[in-house]
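1. Compute the structure for the input listed below.
(one chain, ligands or ions: 1)
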Amino acid sequence: MSAPVFETRQGTSPIILGFPHTGTEVPPAIYDRLNDNGRILADTDWHIHQLYDGLLADVTTVRATFHRYVIDANRDPAGVSLYPGQNTTGLVPQTDFDGKAIWKDGQAPDEADIAARLRDFHAPYHAALAAEIERVRAIHGVAILYDCHSIRSHIPFLFDGKLPDFNIGTDMGKTCDSAIEQATLTVVEAAEGYDSVLNGRFKGGWTTRHYGRPETGVHAIQMELAQSTHLQTEAVPFAYDAAKADRLRVHLKDILVSIEQIAPGLKR
Ligand SMILES: N=CN[C@@H](CCC(=O)O)C(=O)O
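-> Residues are numbered from 1 along each chain as shown. Model (predicted):
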């Protein structure tokens, strides 16, 4: 039997934390095909599950253990681009966030590889996430998926200048009740020493857009954190900075507590 490609922790809170990009596992046959640049795994959402650990009692978490270079759990399984016409990375990325090749010459995954990775990684992760959303919605009548992400704050291939610290994505208000968006915004705007944006460069990836159906009681919101808020440097070895992280965790906890309090008042 093959090892599970996700980890789930079940709780009774109306909130579910999704972690599609913190996994660093790459099966040997796939790792062999990555070039030296790909093997850095630079586009990992480094330490994000550690950053959120213990912030909210009894929260459900679903975390992909595989790396996004195997297949990206936050991309449409049909291969549709998140941002048509703009630089971004795909379902099985050809490049990293800097636009540099990650596969050895002639070793980029083909259609058959992609189909196998959809079956073995993407589908099981989303089956687990969908099951947790259904379980939580059955308890509360509503479920709030908070998808946890991070990214380097300077990536000229993807965006100009420096990314704000907190990037909230709700696909322009479509994926959650406005009260959830507003509560999150209130916390981040009051967070001293941090800047923030709602639906800026990052508007919520496929996970947020796919599950966020407020009319059915399922709300989704994505938080993309600049890695400068919790890493020592945004470069190898991408080490966690506990002092920075502790400052940030205060605000992340406030966000989660605020949106949890809203849940009972949401339409179901
Ligand atoms: N750290 C990852 N970031 C997301 C951003 C997607 C989005 O906001 O639209 C990703 O690439 O999947």
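
2. Check which helices and strands the longest helix belonging to the chain sits against.
-> Longest helix in the chain, counting residues (DSSP state H): helix 242-262. Secondary-structure packing of helix 242-262 (3 or more CB pairs under 8 Å, 6 or more residues apart in numbering; DSSP states H and E): strand 15-19, helix 48-52, strand 143-151, helix 178-190, strand 218-226. Bear in mind the C-beta positions are built from the backbone N, C-alpha and C, glycine included.

3. quick one: it to chain centroid distance?
-> Distance of helix 242-262 from its chain centroid, counting by CA atoms, centre = their mean, to the nearest Å, is 16 Å.

4. That one versus strand 143-151: what angle between them?
-> Helix 242-262 and strand 143-151 are oriented at 160 degrees to each other (axes from the mean of the first three to the mean of the last three CA atoms, to 10 degrees).

5. mind listing what's buried in helix 242-262?
-> Going by neighbour count (16 or more other CB atoms under 10 Å), the buried part of helix 242-262 is 245, 247-249, 251-252, 254-256, 258-260, 262.

6. hang on, the earlier thing: Phe159: which of the helices and strands packed on helix 242-262 is closest?
-> strand 143-151 (9.4 Å; CB to CB).

7. What is the subsequent helix or strand relative to the closest one?
-> strand 166-169 (DSSP states H and E).

8. for that following strand, packing partners?
-> Judged by 3+ CB pairs under 8 Å, 6+ apart, the packing partners of strand 166-169 are helix 178-190, strand 196-198, strand 218-226.

9. out of the helices and strands packed on helix 242-262, nearest to the ligand?
-> strand 143-151 (3.8 Å; CB to the nearest ligand atom).

10. what helices or strands is the closest one leaning on?
-> Here strand 143-151 touches strand 15-19, helix 48-52, helix 123-140, helix 206-211, strand 218-226, helix 242-262, going by 3+ CB pairs under 8 Å, 6+ apart.

11. 6 Å instead?
-> Packed against strand 143-151 by the contact rule (3 or more CB pairs under 6 Å, 6 or more residues apart in numbering; DSSP states H and E) you find strand 15-19, helix 48-52, helix 123-140, helix 206-211, strand 218-226.
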